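Participant: here is a sequence with its predicted model. Questions after.
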Amino acid sequence: MTREFRALPTLAAGPVEMPSAIQSWAEDFTRDIVWNEHSHPFHELLWNEWGASTFVVGSRVWTVTSTVGLWMPAGTLHSGSAPAGTRCRAGFFGFGATSSISPTPVGVEITPLLRLLLERLADTELASESRAVTEAMVVDVLVPSSRELLVRMPAGELLRPIADAVRSDPGDRRTLADWAVRLGVSARTISRAFNDETGMSFVRWVARVRAQHAIELLARGREIDAVAEEVGYRSASAFGAAFRRTTGLTPGAFRAP
């Protein structure tokens, strides 16, 4: 399946004329989509009705799903991608709609209430008074998520071979001790570098990368057993346990129907 590349401009944060304080957008992708690095003058709330997408800001990589969205402040340079079969949703927030809930990108809990409010704003026939009330409620219930699936990519020369290997093949089963031998340093040195550069241990970082990759595969309709093997687990049960520890949900919650 061919990929579609979409080039968008880099725009600074600032007031922009919009038909409403929160503008809705939705699109079903029939092919894989890749967005170049770009920025918008307005804030964005990105989420998916189904499927999973990926957004990158510098060294940070987020996976966006139907339960955890991403708040992207105006003017933030970001790139992204979404596999075929994803239904992407977004709310574009004008400067008059809200002050940013965070000055930096952050995962947002897509609660059932927030989902209903966002779906209501997608109704082009919604009366102006009802729209204003709904927009105010959306702003009121926007909260950061404790379950955001964020991976910080290490930038140092020491960890680059590890990051490149695991990102290209999440099924890589090399341990911290294996990498220490491969790189000619102590396991403690690698462990310290991971904590300094990513904010988490080597084991947790690998589990996050694997979970991100697994979610994309599940969203494409892959069987759980096959996904478990591809991301480096010896059984579906071991995969399920690790996946729940990382995401708070079961793999089945992300699998395409």
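Facilitator: Good, I have the coordinates.
Participant: show me which residues of stretch 175-195 are buried.
Facilitator: Across stretch 175-195, burial judged by 16 or more other CB atoms under 10 Å covers 176, 179-180, 187, 190, 193-194. For glycine as for every other residue, the C-beta is placed from the backbone atoms N, C-alpha and C.
Participant: how about the residue nearest to the spatial centre of the chain: what's its closest non-neighbour residue?
Facilitator: Nearest to the geometric centre of the chain sits Thr63, at 2.1 Å (CA atoms, centre = their mean). Closest residue to Thr63 apart from its sequence neighbours, by CB to CB, 6 or more residues apart in numbering: Leu149 at 4.2 Å.
Participant: so what's the residue count around that neighbour?
Facilitator: 22 (other CB atoms under 10 Å).
Participant: do I have it right that it meets Arg210?
Facilitator: No: the pair Leu149 and Arg210 does not pass the contact test of CB atoms under 8 Å, sitting 11.0 Å apart.
Participant: joint contacts of those two?
Facilitator: Thr246 (CB atoms under 8 Å, 6 or more residues apart in numbering).
Participant: hmm, Trp62 and Leu70 touching each other?
Facilitator: Yes: assessed by CB under 8 Å, Leu70 is found in contact with Trp62 at 5.2 Å.
Participant: those two: who's more crowded?
Facilitator: Leu70 (28 against 25).
Participant: SS state for the more buried one?
Facilitator: Following DSSP: H, G, I helix; E, B strand; the rest coil, Leu70 is assigned to strand.
Participant: list the contacts of it.
Facilitator: Residues in contact with Leu70 (CB under 8 Å, 6+ apart) are 44-47, 55, 62, 64, 105-108, 148.
Participant: tell me, how many residues neighbour the nearest residue to it once chain neighbours are set aside?
Facilitator: Spatial nearest neighbour of Leu70, excluding adjacent residues (CB to CB, 6+ apart): Leu46 at 4.6 Å. Neighbour count for Leu46, taken as other CB under 10 Å: 22.
Participant: check Gly248 too.
Facilitator: Residues near Gly248, counting by other CB under 10 Å: 14.
Participant: what do you get for Ser59?
Facilitator: Ser59 is flanked by 13 other residues according to other CB under 10 Å.
Participant: what is in contact with Leu70 and Trp62 at once?
Facilitator: Common neighbours of Leu70 and Trp62 (CB under 8 Å, 6+ apart) are 55, 105, 107, 148.
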